[in-house]
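Asks: generate coordinates for the sequence data below:
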Amino acid sequence: MFFFAILLGVLLAYLIQMKVYKKHTKDHLSYHLHLSAEEVFQDEDLYFYDEIANDKLLPLPFLKVNDELPQGLSFHFIDPIVGEDSVKESFEQQVQSVYVLQSYQKIRRRWRITCKKRGVYHVGEALLVTNDVFGLNSQSFSASVLPGYTEETVVVLPKPIDLQSAFTAADGLTGDVFSNHSLLTDPLICAGIREYRPGDGMRQINWKSTASHGKYMVNIEEHFRHTLFHIVINMQSRTIEKNPEVPSAPHEIERCISVAATLFDRVSELDIPTRMILNTPQKSLKIHDPLMVSAIDEEDPVGRKIVISRSFEGRAETLDALRMLAGIPMEISVPEEKLLDHILANPTLYTQAADYRGSASLILISAYFSERMIHFHRAMEQLGVQVIYYITSSNRNAVKIPEDIEIYFSVGSILTD
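Replies: Numbering: from 1, shown residues only. So this is what the prediction gives:
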């Protein structure tokens, strides 16, 4: 009889605690998080801080937290190697942690996050699993249902690359060639001096003039005439995609975006107004400022599917351009042929800003080069618009490239041809 009384007592205690934990586990349980930065460049790190607080008398004997990051971000772990003066680095998209959360206890955590890919990410996805004293009745729920939860957003900006080492002209010329359309300035060719402005590089300072004027003076380096640039990013990675709405080789498009980021970084030093043209859906763009994109003509079936940005000029606005590049989705709105045809049919719309008076140039960045692009170059040349090509892969569908086309191929693609 005594044995049955003990068994009945244990069963009663089990049922009571099961009911209590089932009803009150989430009571006064909160989850707070924040990031050390809202904006970083690709391949940089940031820190993820979170706090789980159990503000009640009922302890939680078992709490498992499954943290998951979106694709493109990774938890960065550094562990020392025993017996060696070195460390082991590892990157994980998911981590699991188990805790015992006592009454009125808080757990504060810090994670190191590596941002491997440009994009706009929403961070904070976590699954919490709790259990009772006997470990027989688990509950799982998202951290988003707890008080204090707020989803954090981080913008990973594309990282500029070294165009001089990554690309080479199609004819393979080497040496110094003075070009009216080059995006690079030559520090050895000085066109004059002017007063220092924020954003000017230290290498531009003319120390003799600085000493004589009593204030910082910089060299005006020779470059092309004042012009308006339009950077066109072709979202197609192949001439024919398996899915006409999604690039089949997204890594090639990522390289195109990196080239665009580099070009914006270059022209920002020269205060040259630059716009962006994309054959991607505007509704899928992840941008914080809707004024980055020009108004769409809903009456035009092709034009409304093409994104045209506002003009970005100077270092102060370069970050906005990089933010827009970070928010580009891997989607195709219209094929390359329709994009080029629409530019030819509306040259003023695509090559001139409403408030700009001067010449214009198009820089077309693509994962491949085609015969259609040769015809496009000739037609735009007749309209007085210079077209420059940056090709990020070895995919060439043109039999022969005319000598008058200014085109740069990726060094890697040249080596693999």
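Asks: where does this structure have low pLDDT?
Replies: For the chain, the stretches flagged by pLDDT under 70 are 170-193, 198-203, 220-227, 295, 353-359, 394-399, 412-417.
Asks: quick one, helices of it?
Replies: 2-24, 163-166, 207-213, 250-268, 315-326, 336-345, 347-351, 371-382, 411-416 (DSSP state H).
Asks: make TSV out of those and add distance to residue 67 and mean neighbour count.
Replies: In this view, the C-beta of every residue, glycine as well, is placed from N, C-alpha and C. Putting the helices of the chain into TSV (distance: least, Cβ to Cβ, whole Å; neighbours: other Cβ atoms under 10 Å) gives the following:
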stretch	distance to residue 67	mean neighbour count
helix 2-24	23	11
helix 163-166	36	14
helix 207-213	53	12
helix 250-268	26	21
helix 315-326	23	20
helix 336-345	41	19
helix 347-351	45	18
helix 371-382	46	17
helix 411-416	36	13
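Asks: of those helices, which is nearest residue 244?
Replies: Nearest to residue 244, of all the helices of the chain, is helix 336-345, at 10.9 Å by Cβ to Cβ.
Asks: picking up where we left off before, quick one: closest of the helices of the chain to residue 71.
Replies: Across the helices of the chain, closest to residue 71 is helix 250-268 (Cβ to Cβ), at 11.1 Å.
Asks: so residue 379 sits right up against residue 344, yeah?
Replies: Yes: with contacts counted by Cβ atoms under 8 Å, residue 379 reaches residue 344, the gap being 5.4 Å.
Asks: next one: the closest residue to residue 262 other than its chain neighbours from residue 371, what distance?
Replies: Excluding the flanking residues, the one nearest residue 262 by Cβ to Cβ, 6 or more residues apart in numbering is residue 160, at 4.0 Å. For residue 160, the distance to residue 371 equals 31 Å [Cβ to Cβ, to the nearest Å].
Asks: cool, and residue 335?
Replies: 15 Å.
Asks: got it, and residue 141?
Replies: 58 Å.
Asks: ok, what's across the strand from residue 276?
Replies: Beta-bridge pairing for residue 276 (DSSP bridges): residue 231.
Asks: if you could redo that for residue 388, that was the one I meant.
Replies: residue 363, residue 406.
Asks: who's in contact with it?
Replies: 181, 361, 362, 363, 364, 406, 407, 408 (Cβ atoms under 8 Å, 6 or more residues apart in numbering).
Asks: who wins on neighbours among those?
Replies: residue 364 (26 neighbours; other Cβ atoms under 10 Å).
Asks: who's in contact with the nearest residue to it once chain neighbours are set aside?
Replies: Distances taken as Cβ to Cβ, 6+ apart put residue 232 closest to residue 364, at 4.5 Å, once the chain neighbours are dropped. By Cβ under 8 Å, 6+ apart, the contact set of residue 232 is 276, 277, 278, 339, 343, 362, 363, 364, 365.
Asks: nearest to residue 209 among those residues?
Replies: residue 363 (33.6 Å).
Asks: so that closest one sits right up against residue 386, yeah?
Replies: No: counting by Cβ under 8 Å, residue 363 does not reach residue 386; the two are 9.2 Å apart.
Asks: would a markdown table of the contacts of residue 388 with distance to residue 267 be doable?
Replies: Listed next are these as a markdown table, based on distance: Cβ to Cβ, whole Å:
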| residue | distance to residue 267 |
| --- | --- |
| 181 | 12 |
| 361 | 11 |
| 362 | 13 |
| 363 | 10 |
| 364 | 15 |
| 406 | 16 |
| 407 | 19 |
| 408 | 16 |
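Asks: and which of those residues is nearest to residue 208?
Replies: residue 181 (31.6 Å).
Asks: of all the helices of the chain, which one is nearest residue 43?
Replies: Using Cβ to Cβ, those put helix 250-268 closest to residue 43, at 11.2 Å.
Asks: show me what contacts the nearest residue to residue 319 once chain neighbours are set aside?
Replies: In space, and not counting its chain neighbours, residue 319 is closest to residue 157: 7.6 Å by Cβ to Cβ, 6+ apart. The contact partners of residue 157, by Cβ under 8 Å, 6+ apart, come to 39, 40, 41, 42, 118, 261, 319, 322, 323, 325, 326.
Asks: contacting residues for residue 235?
Replies: So residue 235 contacts 247, 253, 278, 279, 280, 328, 330, 331, 332, 333 (Cβ under 8 Å, 6+ apart).
Asks: can I assume residue 79 is in contact with residue 90?
Replies: Yes: using Cβ under 8 Å, residue 79 makes contact with residue 90 at a distance of 7.3 Å.
Asks: quick check: bridge partners of residue 68?
Replies: residue 94.
Asks: for residue 139, same thing?
Replies: Here residue 139, judged by DSSP bridges, has bridge partners residue 130.
Asks: how far away is it from residue 23?
Replies: 10 Å.
Asks: one step back: and of the helices of the chain, who's closest to residue 108?
Replies: Here helix 2-24 is closest among the helices of the chain (Cβ to Cβ), at 23.3 Å.
Asks: which residues touch that closest one?
Replies: Contacts for helix 2-24 (Cβ under 8 Å, 6+ apart): 56, 58, 130, 131, 132, 133, 134, 136, 137, 139.
Asks: JSON lines for these, including distance to residue 169?
Replies: Shown next, in JSON lines, are the contacts of helix 2-24 (distance: Cβ to Cβ, whole Å):
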{"residue": "56", "distance to residue 169": "69"}
{"residue": "58", "distance to residue 169": "71"}
{"residue": "130", "distance to residue 169": "63"}
{"residue": "131", "distance to residue 169": "65"}
{"residue": "132", "distance to residue 169": "70"}
{"residue": "133", "distance to residue 169": "73"}
{"residue": "134", "distance to residue 169": "73"}
{"residue": "136", "distance to residue 169": "71"}
{"residue": "137", "distance to residue 169": "70"}
{"residue": "139", "distance to residue 169": "64"}
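Asks: no more questions from me, cheers.
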